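# Just need the structure, nothing else, for what follows:
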Amino acid sequence: MSKKIVIPIVGMHCRACETLVQEKLAKVTGVSGIKVSTVKGQAEIEASSDINQKELEQAVRDAGYQVGQESKSWLNTKSSVWRDLILAAVVFGLVYIIFKSFNINPMWSLAGSPESLFSILLVGLVAGFSTCMALTGGLIVSLTARYSQKHPEATGWKRFQPHLYFNIGRLLSYFILGGVIGLVGSVLKISPLVWAILTMIVGVVMLLLGLQLTEAMPKISNWSLALPGQTAKILKREDKSYSHFGAGILGALTFFLPCGFTQAMQLYAMTTGSFFAGAAVMFIFALGTLVGLLVAGLATSFIKGKAAQIFFHVIGVLLILFALANIANAWNLLGVRGLIGSDDSPSVSASGQVQELKTTFTLKGDINPNNFTVKAGDKVRLEIDVQDNGSGCMSTIMIPGLYNRAVTLVKGQTIVMEFTPKTKGEYPITCAMGVKRGTLIVQ
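Numbering: from 1, shown residues only. Below is the predicted model of the structure:
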């Protein structure tokens, strides 16, 4: 005769945790069925009537978790946590105001097209401390920071190793996939709508990770995007950290993250028409970003104690700010008058008149003028005199909802955008990533 035993478990946060607990419980003699749930925070066990429940509880502890109920509130009541978060927000706010006052934008640090491998390396260095730090670095730093929080006894070198394998996988994928892009050209070109969706997804994930690192909302500390059970089992080791292989795979997949600098390099790699040329472009670019990403990795691996807790809170605030920026950019593309439900379709002007607009693009000043007012129903012709090559995230230009094709800014060219707006309202002028650079008002 069998009986059902329910054991409450504290500390599980993903499918991999469920798999680990299940493996330990399965080794207990007399167990015939197991169902572990992270959501419920418990394990339901079918076992023989003479089984010792203490053996089951010990199996849970052997898996690295605690037996018992866990009660978490939505908001943290510790004043020290909120002090760290407010201080970090104030500091970042002041830095933003200073940058804005002096018209400093890290995206515009380098001009020109990637005409040599050395210039590509420099672009990678800038990206590694800006957008790649925000997207790629943000994800790996978040994950390893969470690991450091849960395993404070681990040595700095042990906590840093996943970063090395992550970047090795990243370098290999950029070389191979860069070569593929060089061969097939525009076949792998991703539309602005797809970039917008990916940016929104990454923004939401980063927001969740940032909130978890800040510890502001304890109730969501165990929420995560879980890998399928069997996949997690392959990527997990006995020490409950992702394997070197898993870290490498994660690094390899960052090739598909919507980073503007990466997108610009991918577009350039497409124009090479050669496997080795495309591979060289993407590999050298990834090599340049390596510096910034490893700096972030060193920080999360070797800072410990109270300093580590404060550092995690600061990183969490920074991730939240990056996440909100990504979500705002994606909304510029996915908004009511954006790529979804757009006005971008052929039509005849109501009066037969053409509204001609002209602007000039320079690397230092972006487009100038950048605000326009037009009449609904009449055709618009916008000419852009491109005097510098676009750079990084701002290498393309489009008007979501009116002109949805992202056009690359190439020095010496005159870009002509023709469309007929039908719906009144404000339309942002953006890059393909949704970063706003001006406004077109339809009256």
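
# And stretch 256-265, end to end?
With Cα to Cα, to the nearest Å as the measure, the ends of stretch 256-265 fall 12 Å from one another.

# So for that stretch, mean pLDDT?
Averaged across stretch 256-265, the pLDDT comes to 67.

# Likewise for stretch 49-60?
Computed over stretch 49-60, the average pLDDT equals 87.

# How about residues contacting it?
For stretch 49-60, the surrounding residues in contact (Cβ atoms under 8 Å, 6 or more residues apart in numbering) are 1-3, 5, 7, 9, 21, 24-25, 27-31, 43, 45, 47, 66-67. Backbone N, C-alpha and C define where each C-beta goes, glycine included.

# what's the distance between the closest residue to residue 12 other than its chain neighbours and residue 174?
In space, and not counting its chain neighbours, residue 12 is closest to residue 38: 4.6 Å by Cβ to Cβ, 6 or more residues apart in numbering. Computed as Cβ to Cβ, to the nearest Å, the residue 38 to residue 174 distance reads 34 Å.

# Look at those two and report which has more neighbours.
Per other Cβ atoms under 10 Å, whichever of residue 38 and residue 174 has more neighbours is residue 174, with 28 against 20.

# Just the buried residues of the host helix or strand of that one, please?
Element membership of residue 174, judged by DSSP states H and E, is helix 156-184. By neighbour count with 16 or more other Cβ atoms under 10 Å, helix 156-184 contains the buried residues 159-171, 173-179, 181-183.

# Tell me where the model's unsure across the stretch 1-150 of the chain.
Where the stretch 1-150 of the chain drops to pLDDT under 70, the residues are 1, 11, 13-16, 70-72, 103-119, 122-123, 126-150.

# Show me how the record splits this protein into domains.
Domain segmentation of the chain under automatic domain parsing yields 2-67, 79-334, 354-442.

# And the longest one, end to end?
So that's domain 79-334. 38 Å.

# Repeat that for the shortest one.
One end of domain 2-67 to the other measures 22 Å (Cα to Cα).

# what's the answer for the last one, then?
With Cα to Cα as the measure, domain 354-442 spans 14 Å from end to end.

# I'd like the distance between residue 420 and residue 45.
67 Å.

# Same check on residue 384?
In terms of Cβ to Cβ, residue 384 sits 67 Å off from residue 45.

# So if I had to pick from those two, which one is more boxed in?
Neighbour comparison, residue 384 and residue 45: the larger count goes to residue 45, with 26 against 20 (by other Cβ under 10 Å).

# Phi, psi for the more buried one please.
When read as degrees, to the nearest 10, the backbone of residue 45 gives phi -120, psi 130.

# How about the contacts made by it?
Counting by Cβ under 8 Å, 6+ apart, residue 45 has contacts 4, 5, 6, 7, 25, 31, 33, 34, 35, 56.

# ok so the third one is a strand residue?
Yes. According to DSSP: H, G, I helix; E, B strand; the rest coil, residue 6 belongs to a strand.

# For it, name its beta-bridge partners.
residue 44 (DSSP bridges).

# So it versus residue 40, what's the distance?
Using Cβ to Cβ, which is the criterion applied here, residue 6 is 9 Å from residue 40.

# And these two? Which one has more around it.
Between residue 6 and residue 40, counted using other Cβ under 10 Å, residue 40 has the larger neighbour count: 13 against 10.

# And the more buried one, its phi and psi?
According to degrees, to the nearest 10, residue 40 has phi -80, psi -20.

# Check whether residue 92 really touches residue 321, as I assumed.
Yes. Residue 92 is within contact range of residue 321, at 6.1 Å (criterion: Cβ atoms under 8 Å).

# neighbour count winner among those two?
Neighbour comparison, residue 92 and residue 321: the larger count goes to residue 321, with 19 against 15 (by other Cβ under 10 Å).

# So the more buried one sits against residue 95, correct?
No. Taking contacts as Cβ under 8 Å, residue 321 lies outside contact range of residue 95: 10.4 Å.

# mind listing what the closest residue to residue 66 other than its chain neighbours touches?
Closest residue to residue 66 apart from its sequence neighbours, by Cβ to Cβ, 6+ apart: residue 10 at 4.2 Å. By Cβ under 8 Å, 6+ apart, the residues touching residue 10 are 41, 65, 66, 67, 68, 69, 70.

# Just the buried residues from the residues you listed, in ChimeraX please.
To isolate the buried subset of the contacts of residue 10 in ChimeraX, counting by 16+ other Cβ under 10 Å, use the following:
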select :41,65,67
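
# so which pair among the contacts of residue 10 is furthest apart in space?
Farthest-apart pair in those is 65 and 69; separation 12.8 Å (Cβ to Cβ).

# returning to what we had before: ok, of the contacts of stretch 49-60, which come out buried?
5, 7, 9, 21, 24, 25, 28, 31, 43, 45, 47, 67.

# which element is the fourth one on?
When you say that, I think you mean residue 21. Using DSSP H and E, residue 21 maps to helix 15-26.

# How about that helix, which residues are buried there?
So helix 15-26, judged by 16+ other Cβ under 10 Å, has buried residues 15, 16, 17, 18, 19, 20, 21, 22, 23, 24, 25.

# Would you map the strands across the stretch 51-200 of the chain?
Taking DSSP state E, counting those that start in this stretch, the strands of the stretch 51-200 of the chain run over residues 66-67.

# quick one, helices of it?
53-62, 79-101, 117-128, 131-132, 138-150, 156-184, 192-214 (DSSP state H, counting those that start in this stretch).

# and if you look at the stretch 251-400 of the chain?
For the stretch 251-400 of the chain, the helices defined by DSSP H, counting those that start in this stretch occupy 260-272, 275-302, 305-334.

# Quick one: mean pLDDT over the last one.
It refers to helix 305-334. 74.

# in that helix, what counts as buried?
Within helix 305-334, the residues that count as buried by 16+ other Cβ under 10 Å are 308-323, 325-327, 329-334.

# That helix packs against which elements?
helix 79-101, helix 138-150, helix 192-214, helix 275-302, strand 425-430 (3 or more Cβ pairs under 8 Å, 6 or more residues apart in numbering; DSSP states H and E).

# ok, the closest residue in space to residue 385 that isn't next to it in sequence - contacts?
Once flanking residues are discounted, residue 385 sits nearest to residue 360: 4.6 Å by Cβ to Cβ, 6+ apart. Contacts were defined as Cβ under 8 Å, 6+ apart; by that measure residue 360 touches 367, 368, 384, 385, 387.

# The last one: how many residues sit nearby?
To tie it back to what came earlier, the one meant is residue 387. By other Cβ under 10 Å, neighbour count at residue 387 equals 15.

# Surely residue 38 touches residue 20?
No. Residue 38 lies out of contact with residue 20 (Cβ under 8 Å); the separation is 11.2 Å.

# for the contacts of residue 360, which one is nearest residue 285?
residue 387 (24.9 Å).

# about what we covered before: would you quantify the distance from the residue nearest to residue 12 to residue 80?
Residue 38 is 28 Å from residue 80, by Cβ to Cβ.

# Same question for residue 423.
From residue 423 over to residue 80 (counting by Cβ to Cβ), the distance is 50 Å.
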